[in-house]
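> Model the structure of this input:
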Amino acid sequence: MGRRNSLGTGQRSRRQSLRASTVYGAVPAVLAGAYAIGTWNDGGRGPMLLLAAVMTGFALAGWALAGRIARTRWWIVIQTAAAIVNLAGAAALGLLDGGVAGPLGTFVPLSVVLLAIVVPPRAFLLPAAAGALAYASLVIFGETPPAAGYPLVHALGFACVAVLCLRHSAVLASLRRRLADSSRADPLTGCLNRRGFDERAAAALTEAERTGRPLTVILLDLDRFKEVNDTLGHRAGDELLAWTGQELRAELRAHDVVSRQGGDEFAVLLPNTGAEAGALVVDRLRERLRTCAPASLGHATFPADATSLTGLVHVADQRLYRDKASRDRRAPSAEAVAGARTGVRSASPARSVAALERRRHSIADPGWMSITQTCVAMLYIALFANDHPHRAGMVALSVWGFLTGLAVVARADWLSRSRLARPLMLAFAASSFLSCAAIATLDGGVDHPLGVGVLLSIPLLVLGMRPEVTGPIAIVAGAVWMLVGVLVGDPGGWYLAIQLLGTATAAVACAVQGRAAARQRRMLTRLSRVDVLTEVLNRRGFDERFTAEVADARRTGRGAALLVLDLDDFKTVNDTQGHAAGDQLLRWVALTLRADVDAVGRLGGDEFVALVDDGTDPFAVADRLRMRLAARTGASIGVAVLDVDGDDFDSLYAVADARLYQQKKPRKRYAHR
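As a prediction, the model looks like this:
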């Protein structure tokens, strides 16, 4: 199921990308068609309208076939080829209108910007090269000569926007990959978690069915691991689990899969491994773990034992319990556990995602935009405006834009953490747009080389920040640009309309892309911080929640307390009733805890933690939870109070864990029901 869901999500994403490409490819055609009809008395409007109709039909066909194309391995090649065809059409429309200085002259660079938003970064180079050639053809073969410096400023300006959009998309893609990796990794051992294992196992089973090669699944759990926690503490148990994951990975091949399923239960996936070879691997793993973490193991092989993942796990689980019953199982000695703890190396964690990373990049991007655009303006002034009457004013405004952009980039990290970020960025945006409008006015109007500056910043601003914040800014910026166009020079109504509508299309594309990325990011963030089985916070998520809550408690002067909980004799549930019954009990416990406490986490196995604030007596909360859980299981709960028993998670955990075991010894255990 995990594999099918993964494939379905991937195909949906590809289909959306393909359809977005067709929509954005159709925009120049639709605008050109309206322009041809509106200026029908000018020359060459028949061929222009015909070409616009062909491009629109091409886009409609692409939309209709997007689902089928998304299912092929050649989808990127087809998308790239279609993009190049659209660029050729945009260049032909520009040539029919006279060249780069006409209303349709920006279709090629605008199309490149739109492609930078929707095309995967690895596939963008070829369309970008095609766009450069298409724009060069407009400059060389266009009938109407542009103003001096116009092609250079527009080419460099749009290129900067495209590169920054592409960079922004690449940053977001990297962030999503790292979040996805985190959502599939166990933070304690560095192995895959249950979700990650299910996805990899489903994919491996699909490959085994296709090729006819065998596949072996091994399940193992540690012998009497509960006694390690009960006698040596949860910290020692955690380090023994980390050592176990480390040793399993060291014994297996690079393409084999190791997963911590929960508690002291691990699963191993061996592609291209038959039953006989799988049995040998079981013996090797048993021997490797024997000294510090003796374990019971069971294995099953596709297709000899079962043909589904559920069947393989069931057979392996049965063999694990037969192995458990046939052996004299003993808990590892304190010396053995100490030896394992000294041998633990830090697991390679999933690539981390800083809490404010996306916000920092989104703040820095407008700064980079201001820097690049003012550099382009100063290059134009240096090469083409030596005798311009307003040269000094344009230089001063360009320097101001450069310095303010540099300040935003340099202070992006501070701004991402500051409550002043929104008003300061709004002030920066207003300053940038007004400076660009002033430069356009001094240069002679919006149809002059520097007139495009106001519009160029809008798409990137919308892409990086929330549309509800940037939307009004973009509308005001467009209105300012239009006002300059009406009051200064004589660009013509069609020039104003097409430039503004083209920019609006790019802004909408950026807004849609930004919203989709935000939705996916929120989903992956949740998955990376939530326990797969119980849907409470996992170790990573609880650490972040604890840090935030404690910081808020100290800021407001209220107190907080940490509760550490584990179930009495939970191991016997797994051993006598099976892991499915144990999983069901853990889900019920998590649901019961969440009904009473907001911040609940599962650290692993049957160990839960909770954070309660100063509004309630934490010892009374512990007693209430213990009574509610008694309906199905006994539980031991230790309590530690912030700034009384410790000032961070580790110190509070140590105190609460010690109190838990003091409570556990004299108290009568409940039978699991």
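> Low-confidence stretches in this protein?
Low-confidence segments of the chain, defined by pLDDT under 70: 1-10, 345-356, 464-465, 467, 520-521, 524-525, 575, 614-615, 664-673.
> What segments of the stretch 401-550 of the chain are helices?
412-417, 421-443, 453-464, 467-487, 493-529, 539-556 (DSSP state H, counting those that start in this stretch).
> out of these, deepest packed?
Across those, averaging neighbours per residue (mean count of other C-beta atoms under 10 Å) puts helix 453-464 on top, at a mean of 26. (Each C-beta comes from the backbone N, C-alpha and C, glycine too.)
> Let me have the helices of the stretch 401-550 of the chain in a markdown table, adding distance to residue 566 as columns.
Formatted as a markdown table, these follow (distance: least, C-beta to C-beta, whole Å):
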| stretch | distance to residue 566 |
| --- | --- |
| helix 412-417 | 37 |
| helix 421-443 | 42 |
| helix 453-464 | 45 |
| helix 467-487 | 45 |
| helix 493-529 | 21 |
| helix 539-556 | 15 |
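> which one of these lies closest to residue 199?
helix 493-529 (11.5 Å; C-beta to C-beta).
> Distance from the closest one to the middle of the chain?
Here helix 493-529 shows a centroid-to-chain-centroid distance of 16 Å under the convention C-alpha atoms, centre = their mean, to the nearest Å.
> any idea of the angle that helix forms with helix 467-487?
Following axes from the mean of the first three to the mean of the last three C-alpha atoms, to 10 degrees, one obtains 170 degrees for the angle between helix 493-529 and helix 467-487.
> For helix 493-529, name the packing helices and strands.
helix 2-38, helix 107-118, helix 150-183, helix 453-464, helix 467-487, helix 539-556 (3 or more C-beta pairs under 8 Å, 6 or more residues apart in numbering; DSSP states H and E).
> Tell me the first helix or strand C-terminal of the third one.
Of the helices and strands lying after helix 150-183 in sequence (DSSP states H and E), the nearest is helix 194-211.
> Now that following helix: buried residues?
194-205, 208 (16 or more other C-beta atoms under 10 Å).
> try stretch 269-287
For stretch 269-287, by 16+ other C-beta under 10 Å, it's 269-273, 278-279, 281-282, 285-286.
> Now, these that are in strands?
Using DSSP state E, the subset of the buried residues of stretch 269-287 located in strands is 269-271.
> would you list the buried residues of stretch 269-287 in CSV and tack on distance to residue 331?
Listed next are the buried residues of stretch 269-287 as CSV, based on distance: C-beta to C-beta, whole Å:
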residue, distance to residue 331
269, 28
270, 28
271, 33
272, 36
273, 31
278, 27
279, 26
281, 25
282, 21
285, 19
286, 16
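> Between those residues, which sits nearest residue 551?
Residue 551 lies nearest to residue 269 out of those, by C-beta to C-beta, at 40.5 Å.
> domain assignment for the protein?
Domain assignment of the chain by automatic domain parsing yields the ranges 1-146, 194-341, 355-527, 539-664.
> Reformat those into a markdown table and put distance to residue 153 next to each item.
What follows is the domains of the chain, written out as a markdown table (distance: least, C-beta to C-beta, whole Å):
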| stretch | distance to residue 153 |
| --- | --- |
| domain 1-146 | 10 |
| domain 194-341 | 49 |
| domain 355-527 | 4 |
| domain 539-664 | 46 |
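> Which of the ones you listed sits closest to residue 182?
Evaluated over the domains of the chain, closeness to residue 182 peaks at domain 539-664, with 7.0 Å, by C-beta to C-beta.
> with the buried residues of stretch 269-287 in mind, which one is nearest to residue 542?
Nearest member of these to residue 542, counting by C-beta to C-beta, is residue 269, at 28.0 Å.
> mind checking how far the closest residue to that closest one other than its chain neighbours is from residue 83?
Spatial nearest neighbour of residue 269, chain neighbours left out: residue 257 (3.8 Å); criterion: C-beta to C-beta, 6 or more residues apart in numbering. As judged by C-beta to C-beta, to the nearest Å, residue 257 and residue 83 stand 38 Å apart.
> Look at the two and report which has more neighbours.
Taking neighbours as other C-beta atoms under 10 Å, residue 257 and residue 83 compare with residue 83 leading, 27 against 21.
> Residue 578 versus that one, what's the distance?
Distance from residue 83 to residue 578, by C-beta to C-beta: 55 Å.
> try residue 422
Counting by C-beta to C-beta, the gap from residue 422 to residue 578 is 54 Å.
> now do residue 32
Taken as C-beta to C-beta, the span from residue 32 to residue 578 is 68 Å.
> Neighbour count for these two, which is higher?
residue 32 (29 against 15).
> how far away is that one from residue 21?
18 Å.
> sorry, back to before: out of the buried residues of stretch 269-287, which is nearest to residue 150?
The closest of the buried residues of stretch 269-287, once distances to residue 150 are taken by C-beta to C-beta, is residue 271, at 59.3 Å.
> That closest one against residue 254, yeah?
No. Between residue 271 and residue 254 there is no contact under C-beta atoms under 8 Å: 11.2 Å.
> any idea which residue sits dead centre in the chain?
Central residue of the chain (C-alpha atoms, centre = their mean): residue 176, 1.9 Å from the mean position.
> Verify the contact between that one and residue 517 for me.
Yes. In this structure, residue 176 is within contact of residue 517 by C-beta under 8 Å, at 7.4 Å.
> Share the number of residues neighbouring the nearest residue to residue 295 once chain neighbours are set aside, please.
Nearest residue to residue 295, sequence neighbours excluded (C-beta to C-beta, 6+ apart): residue 220, at 4.6 Å. Residue crowding around residue 220 was assessed by other C-beta under 10 Å; the count is 26.
> So residue 220: helix, strand or coil?
strand (DSSP: H, G, I helix; E, B strand; the rest coil).
> Now tell me what touches the host helix or strand of residue 237 from outside.
Assigned by DSSP H and E, residue 237 belongs to helix 234-251. Applying C-beta atoms under 8 Å, 6 or more residues apart in numbering, the contact partners of helix 234-251 are 186, 188-191, 222, 225, 228-229, 258, 260, 264, 266, 268, 284-285, 288-289, 292-293, 295, 332, 337, 340-341, 343-345, 347, 564, 566, 603-604, 607, 653-654, 657.
> again with stretch 503-512
Around stretch 503-512, the neighbours that count as contacts under C-beta under 8 Å, 6+ apart are 20, 24, 27, 110, 113-114, 117-118, 165, 455, 458-460, 462-463, 467, 471, 474, 478.
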